[in-house]
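Q: quick check, what structure comes out for this input:
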Amino acid sequence: MLEKAGESEDVAKLMAQVGRNARAAARPLALASAERKHAALVAMAQFVRDGGQTILDANAIDLANAQESGLSPAMVDRLTLTPDRIRAIEDGIRSIAELRDPIGEIIAEWDRPNGLHIERVRTPLGVIGVIYESRPNVTADAGALCLKAGNAVILRGGSDSINSSSAIHACLVRGLKAAGLPEDAIQLVQTTDRAAVGEMLKGLAGNLDVIVPRGGRSLVERVQSEARVPVFAHLEGLCHLYVDKSAKLDMAVKIAVNAKMRRTGICGSAETLLVDRAVKDTHLVPILDALAKAGCEIRGSEDVTSMFAGAKPAMEQDWATEYLDAIISVKLVDGIGEAIDHVERWSSHHTEAVIAEDAAVVERFFNEIDSAILLHNASTQFADGGEFGMGAEIGIATGRMHARGPVGVEQLTSFKYRVRGTGQVRP
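A: The predicted structure is shown next:
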């Protein structure tokens, strides 16, 4: 385990060793059988269950520190662990254990006229670095997903969650040890010195193959601008919900409240509500009433504030803001065309949802909006790898290369070609 370091030179040495340890663990991990990885994951889940009180005690220290430092309510919510959330961590690990092992899977195969047989086969990426803030559950999700995909992982959580993450990480290491896998396959950076992040962004002397940042815009922007290795990331979750004139009112009310208020601090929380002007007299006020009763602040365009006295005037910046709080911006639009135009101008291309019964509207929404996740008649809060049947996710990628949407087990793999011949030579 690393000692805390205050000097950048010391941190560089420590992180270099972490990188070497990860690379050394990556090879035997890539060759580990599906059965051994499964056994490690099942053991990890059990250790999380058995260590639940220890994890809660560690989390209590982090929460006390968070209150003292004035952490925002949204960040405190992300940081908070409860018995139910610890059970969810355990269940997440178990669900990852039960996923099909992707390594060695033949993705495609074909024969050439010269008799060569070619196979494209899944392989691990190698060593993955995950840099995240506040959410201690990411420690378990990322560690378990990377293990399932045969990758070593270096986890660098935020200083505000160091105690919680350390307690969870100890359970993961015990699971690795119980299954006879390298304990350095999942490493948690113990120093809270920010220089450690800089060392990871440099690539740890070639020992880091990809970085996944999971946190606020400032963290992701820094990673994307400074990283010398590939990055799977999204800047923010500026998610939209469009209520079409064909939407069922009861459904629209239920989905709008859930999309915004179920958990306001996650990246899949709806930040902007767009309502078809054609149903402003029937749909707008009931939806806003329900949101307000749930404790949500409404910031509306001028026509919205004229119809709903509790709404505050929206500024242009509101359309570009990921609140991560009980606040939503609301605008009336002239049908699906203007809704699409608004989304394409302001969206971070994370997740958008349409509430509609008109199939033509849904098809336009799906075809013309270029976001990683699009939903029809469902809450944006389903933008989650676990809800997609991936067991869990390491984050949501909004880029267009390699991985997009929830980054699960398959997205944490690469591939190689196996070419089988019978003595062929090239003329």
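Q: can you tell me how far residue 414 sits from residue 102?
A: From residue 414 across to residue 102, the span is 11 Å (Cβ to Cβ, to the nearest Å). Bear in mind the C-beta positions are built from the backbone N, C-alpha and C, glycine included.
Q: what do these two both touch?
A: Common contacts of residue 414 and residue 102, defined by Cβ atoms under 8 Å, 6 or more residues apart in numbering, comprise residue 122.
Q: which one of the two is surrounded by more residues?
A: Between residue 414 and residue 102, residue 102 has the larger neighbour count (other Cβ atoms under 10 Å), namely 21 against 15.
Q: distance-wise, check the residue nearest to residue 355 when sequence neighbours are not counted relative to residue 272.
A: Among residues not flanking residue 355 along the chain, residue 247 sits closest, at 4.1 Å (Cβ to Cβ, 6 or more residues apart in numbering). For residue 247, the distance to residue 272 (Cβ to Cβ) stands at 16 Å.
Q: just the strands in the stretch 151-300 of the chain please.
A: Shown for the stretch 151-300 of the chain, the strands assigned by DSSP state E, counting those that start in this stretch span residues 152-156, 186-188, 210-214, 239-243, 270-276, 297-300.
Q: could you tell me the least trusted of these?
A: Mean pLDDT per stretch puts strand 210-214 lowest among these, at a mean of 90.
Q: quick one on the thing from earlier: tell me the pLDDT of the residue nearest to residue 355.
A: On the pLDDT scale, residue 247 gets 98.
Q: so it makes contact with residue 353?
A: No - here residue 247 does not reach residue 353: they are 11.0 Å apart, not a contact under Cβ atoms under 8 Å.
Q: and the residue nearest to residue 355, what does it touch?
A: Counting by Cβ under 8 Å, 6+ apart, residue 247 has contacts 276, 279, 283, 355-357.
Q: what angle sits between the longest helix seen in the chain and strand 152-156?
A: In the chain, taking DSSP state H as the definition, the longest helix is helix 8-31. Angle of helix 8-31 versus strand 152-156, following axes from the mean of the first three to the mean of the last three Cα atoms, to 10 degrees, is 150 degrees.
Q: report the distance from helix 8-31 to the chain centre.
A: Its chain's C-alpha centre and that of helix 8-31 lie 24 Å apart, by Cα atoms, centre = their mean, to the nearest Å.
Q: packing partners of that helix?
A: strand 117-124, strand 127-132, strand 152-156, strand 186-188, helix 195-202 (3 or more Cβ pairs under 8 Å, 6 or more residues apart in numbering; DSSP states H and E).
Q: what's in contact with the helix or strand harbouring residue 96?
A: Using DSSP states H and E, residue 96 sits in helix 83-97. Identification of contacts with helix 83-97 by Cβ under 8 Å, 6+ apart yields 38, 41-42, 44-46, 48-49, 52, 55-56, 137, 140-141, 144-145, 148, 168, 386, 391-392, 409.
Q: these, buried ones only, as a PyMOL selection?
A: Buried residues within the contacts of helix 83-97, by 16 or more other Cβ atoms under 10 Å, are selected in PyMOL with:
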select buried, resi 38+41+42+44+45+46+48+49+52+55+56+137+140+141+144+145+148+168+386+391+392+409
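Q: quick one: which of the contacts of helix 83-97 sit in strands?
A: Using DSSP state E, no member of those sits in strands.
Q: pretty sure residue 367 sits in a strand.
A: No - under DSSP: H, G, I helix; E, B strand; the rest coil, residue 367 falls outside any strand and is assigned helix.
Q: quick one: the helices in the stretch 201-350 of the chain?
A: Secondary structure of the stretch 201-350 of the chain (DSSP state H, counting those that start in this stretch): helices at 217-226, 249-261, 285-293, 302-307, 335-346.
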